[in-house]
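J.: prediction below, plus the sequence it came from.
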Amino acid sequence: MPTKIAPSILSADFARLADEIAMCEAGGADMIHVDVMDGRFVPNLTFGAKVIDAVRRCTALPIDVHLMVVEPERYFDDFAKAGANVCTIHVEVSPHLDRQLARIKELGMQAGATLNPATPLVTLEEVARDLDLLLIMSVNPGFGGQRFLEYSVDKIARARRMLDAAGSRALLEVDGGITRDTILRCRRAGADTFVAGNAIFAAADPRAEIAALRNASLETA
Ligand SMILES: O=C(CO)[C@H](O)[C@H](O)COP(=O)(O)O
């Protein structure tokens, strides 16, 4: 699976969102990552369906929505209508995970599941074969620009084995603290899709940074 780079607009300049997304597209981004936060599951507030709709009108790239909200099922219809392509929910707030993933697919979106860093992978074992995307959080969710939690590398390797054992073709995505330094370790552990906010939007040349991240993921030792 080739490396996919998903810039997280959490770190973009919201006053210039259309330009920032055009820059990501021109830089070769594979999808646009949108972090939806409710101030309850995580201590921060961000976007709702109206912003997803605005992003949809700016780009033809897939929109990868990461829901950091309690009762995520309340928003599935709105995000599907707004044009989200992937909808990822947290197991910690999804007691009926099987039903919730099925509903995301029913609405025409790809179904993703994710875990906080301290939540064990075993919580996803039963649904691994049904996932379109498994997201490993490598920071505690809520804010961009945090330091990569090194123990995530081993969790990625175990997630890779779990997906392979289930015969799943899900993308294995990593989110949090992805830089030119950390991306290679994650790729070697078996991840293929990388969310990056700060590394891209705080770079001197954000457009070039997308290619730099991709190249860094491919370097051999
Ligand atoms: O989900 C997130 C925060 O909860 C962000 O997508 C993530 O933190 C990306 O930001 P950065 O690359 O700056 O760490």
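T.: Sure thing, it's come through. Numbers count the residues shown, from 1 in each chain.

J.: from here on, just use CA atoms for contacts and neighbour counts.
T.: Noted.

J.: so where's the protein shaky on pLDDT?
T.: Confidence mapping of the chain against pLDDT under 70 gives the ranges 220-221.

J.: for it, what spans make up the strands?
T.: Per DSSP state E, the chain carries strands over the ranges 4-7, 32-37, 63-68, 86-90, 110-115, 133-137, 171-175, 193-196.

J.: the fifth one vs strand 171-175, what angle?
T.: Our comparison of strand 110-115 with strand 171-175, counting by axes from the mean of the first three to the mean of the last three CA atoms, to 10 degrees, yields an angle of 50 degrees.

J.: tell me the residues of the chain that contact the ligand?
T.: 8, 35, 141-146, 175-178, 196-199 (CA under 6 Å from any ligand atom).

J.: try it again with 8 Å
T.: Counting by CA under 8 Å from any ligand atom, the chain comes close to the ligand at 7-11, 33-35, 42, 66, 68, 137, 139-148, 175-179, 195-200.

J.: give me the PyMOL select line for those, limited to the buried ones.
T.: A single PyMOL command selects the buried members of these (16 or more other CA atoms under 10 Å):
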select buried, resi 7+8+9+10+11+33+34+35+42+66+68+137+139+140+141+142+143+144+145+148+175+176+177+178+179+195+196+197+198+199+200
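
J.: before we move on, the earlier item: tell me which of the strands of the chain sits most buried.
T.: Highest mean neighbour count among the strands of the chain (mean count of other CA atoms under 10 Å): strand 193-196, with a mean of 28.

J.: parallel or antiparallel, list what pairs with it.
T.: Sheet pairing here is set by DSSP bridges, and for strand 193-196 it gives strand 4-7 (parallel), strand 171-175 (parallel).
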